[in-house]
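Undergrad: here is a sequence together with a model predicted from it:
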Amino acid sequence: MATTTATAPTDEHPERYSSSLRHGLSILRCFSAEQPLLGIAEMASELGMSRSTTHRYAATLTELGYLEQNPSRQYRLGAFAANAGLSMLGSLALRRRARPMLQELRTLTGRTVSMAVLDGAEAIYVERLRSSRRGQYAVDPNLGLGSRLPLHCTAVGKVLLAYLSAADERAAIAALRLTRMGPRCITTKAALRSELERVRMRGMAVNDEELERGTRAIACPVLGEHGDALAAVNLAVPAGAFSRSALVTELGSPLAQTAERISTVVAYA
């Protein structure tokens with residue numbers, strides 16, 4: 001079983017912090033894409049807490065809806081955790097393993113690099129490494145770690161949709177509202193389905209001023225062992241710096257190689 005690097009809670013600064021809240025959040029951080037189900041003994045061992053203490057906090061989190069327990073008495077993240085945005089916790093292990101490779105990609109390309117995961121009807125950034133290159137900040141001044149993006153008009157969103165199962169893709173598209181964003185935004189579901197087929201064929205998605213004017217981006221999938229997209233890795237550029245074709249030709253290869261490397265690391269973790 002893969003392990004996370006959750007740290008046992010401490011009681012520093014008791015006058016400033018709630019140790020109970022810190023203990024509860026430390027339990028939630030035990031869960032990841034590699035560890036979606038955990039028992040009390042596993043959580044207690046990982047956090048260095050007694051089983052009785054761990055059970056008390058887990059029971060409270062379950063009652064509040066942040067954890068759920070299956071018939072085998074194992075726990076998983078509950079609906080309230082997802083609603084509170086804590087689905088990002090499940091991507092912490094992936095983020096940790098991917099970060100060195102994402103940093104290399106930023107250095108190599110000089111462009112802002114991001115990684116996103118699917119969260120309901122949106123993509124959410126679980127990593128965002130900004131570039132200080134001149135002109136780069138203009139393409140992403142308001143986006144950061146935890147930012148949410150629509151699926152139909154972003155490169156990461158289209159990748160995450162394209163690698164769903166056929167049934168899940170149909171359900172996801174049916175639930176989407178294709179709000180017009182940038183000047184080249186996809187606004188019909190027929191056009192979106194055609195675009196997703198092209199994404200699967202080339203293994204890459206392009207955002208050609210679809211989210212906003214003046215910005216282009218490309219994204220590639222981080223694939224799990226069953227061919228599903230665990231995440232999408234993205235490069236964003238000013239539209240004035242790259243045409244659509246130049247973006248793919250010049251930056252597509254290093255992006256695809258990075259996504260493939262991350263996929264391999266995850267597969268053998």
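TA: Perfect, thanks for sending it.

Undergrad: any low-confidence regions in this protein?
TA: Residues of the chain that meet the criterion pLDDT under 70 lie in 1-20, 32-34, 79-92, 135-138, 140-142, 268-269.

Undergrad: do that again at 90, thanks
TA: Within the chain, the ranges that satisfy pLDDT under 90 run 1-37, 46-49, 59-73, 76-97, 119-122, 124-148, 224-228, 239-241, 265-269.

Undergrad: longest single helix anywhere in it?
TA: When the chain is scanned for its longest helix (criterion: DSSP state H), the result is helix 244-267.

Undergrad: okay, buried residues for that one please.
TA: Using 16 or more other C-beta atoms under 10 Å as the burial criterion, the residues of helix 244-267 that qualify are 247-248, 251-252, 255-256, 258-263, 266. Every residue, glycine included, has its C-beta placed from N, CA and C.

Undergrad: which one of these is nearest residue 39?
TA: Ranked by distance to residue 39 (C-beta to C-beta), the buried residues of helix 244-267 are led by residue 266 at 23.4 Å.

Undergrad: make TSV out of the buried residues of helix 244-267 and add distance to residue 216.
TA: TSV is the format used below for the buried residues of helix 244-267 (distance: C-beta to C-beta, whole Å):
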residue	distance to residue 216
247	5
248	10
251	10
252	12
255	13
256	16
258	18
259	18
260	22
261	23
262	22
263	24
266	27
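
Undergrad: and those, which two are furthest apart?
TA: Farthest pair in the buried residues of helix 244-267 (C-beta to C-beta) is 247 and 266. Separation: 25.9 Å.

Undergrad: where do the helices of the stretch 1-150 of the chain begin and end?
TA: With DSSP state H, counting those that start in this stretch as the definition, the stretch 1-150 of the chain shows helices at residue ranges 19-28, 40-47, 51-64, 79-83, 92-109.

Undergrad: mean neighbour count and distance to residue 73 added to those, as TSV?
TA: As requested, the helices of the stretch 1-150 of the chain are arranged in TSV below (neighbours: other C-beta atoms under 10 Å; distance: least, C-beta to C-beta, whole Å):
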stretch	mean neighbour count	distance to residue 73
helix 19-28	17	15
helix 40-47	18	8
helix 51-64	16	10
helix 79-83	15	19
helix 92-109	17	23
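
Undergrad: of all the ones you listed, which lies closest to residue 174?
TA: The stretch from these with the least distance to residue 174 (C-beta to C-beta) is helix 79-83; that distance is 20.0 Å.

Undergrad: next, count neighbours for residue 132.
TA: Residues near residue 132, counting by other C-beta atoms under 10 Å, number 9.

Undergrad: what residue lies at the spatial centre of this structure?
TA: Central residue of the chain (C-alpha atoms, centre = their mean): residue 117, 2.5 Å from the mean position.

Undergrad: quick check: that one vs residue 197, distance?
TA: Taking C-beta to C-beta, to the nearest Å as the measure, residue 117 and residue 197 are separated by 22 Å.

Undergrad: check residue 149 too.
TA: Distance from residue 149 to residue 197, counting by C-beta to C-beta: 21 Å.
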